[in-house]
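Undergrad: below is the sequence, then the predicted model.
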Amino acid sequence: MKNYIKGRGILVGTFTELDLKNGRDKEAVEKKKKETGLSYTNTEFVRKNGNIVSIRIYVCTVDDIRI
């Protein structure tokens, strides 16, 4: 798969707290799931000066899910 990062997946996007409140993350994840056929997600926090400022969301295979 193009742009697939082993252990993470395919990046859907980086979302702020406002994006999460407005549901932009869910729309983007569903769109990417349909495009790729992948069913699972991974997330990672983006920190600036020790504070979480956004979250990166990836769609991935069952083998790359981080629990």
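TA: Everything's here; your move.
Undergrad: which residues in this protein form strands?
TA: 10-15, 40-48, 51-60 (DSSP state E).
Undergrad: of all those, which one comes closest to N22?
TA: Nearest to N22 among these is strand 10-15 (9.5 Å), distances taken as C-beta to C-beta. No exception for glycine: its C-beta is placed from N, CA and C like everyone else's.
Undergrad: which other helices and strands contact the closest one?
TA: Where contact means 3 or more C-beta pairs under 8 Å, 6 or more residues apart in numbering; DSSP states H and E, strand 10-15 is packed against helix 24-36, strand 51-60.
Undergrad: what helices or strands is the shortest one leaning on?
TA: Read it as strand 51-60. strand 10-15, helix 17-22, helix 24-36, strand 40-48.
Undergrad: before we move on, what about the first one?
TA: For helix 24-36, the helices and strands in contact under the criterion 3+ C-beta pairs under 8 Å, 6+ apart are strand 10-15, strand 51-60.
Undergrad: my guess is T43 contacts I55, does it?
TA: Yes: contact criterion C-beta atoms under 8 Å: T43 and I55 qualify, at 5.5 Å.
Undergrad: so for those two, which residue has more residues nearby?
TA: Taking other C-beta atoms under 10 Å, T43 and I55 do not tie; I55 has more neighbours (17 against 13).
Undergrad: so who does the spatially most central residue of the chain touch?
TA: Centroid check for the chain by C-alpha atoms, centre = their mean gives I57 as the closest residue, at 1.2 Å. Going by C-beta atoms under 8 Å, 6 or more residues apart in numbering, I57 touches L11, V12, G13, T14, F15, D25, A28, V29, T41, N42, T43.
Undergrad: of those - the most surrounded one?
TA: V12 leads the contacts of I57 on contacts (other C-beta under 10 Å) with 23 neighbours.
Undergrad: got a list of what it touches?
TA: D25, A28, V29, K32, T41, I57, Y58, V59.
Undergrad: who's sitting farthest from the centroid in the protein?
TA: N49 (21.8 Å).
Undergrad: tell me how far that residue lies from V29.
TA: To V29, N49 is 28 Å away according to C-beta to C-beta, to the nearest Å.
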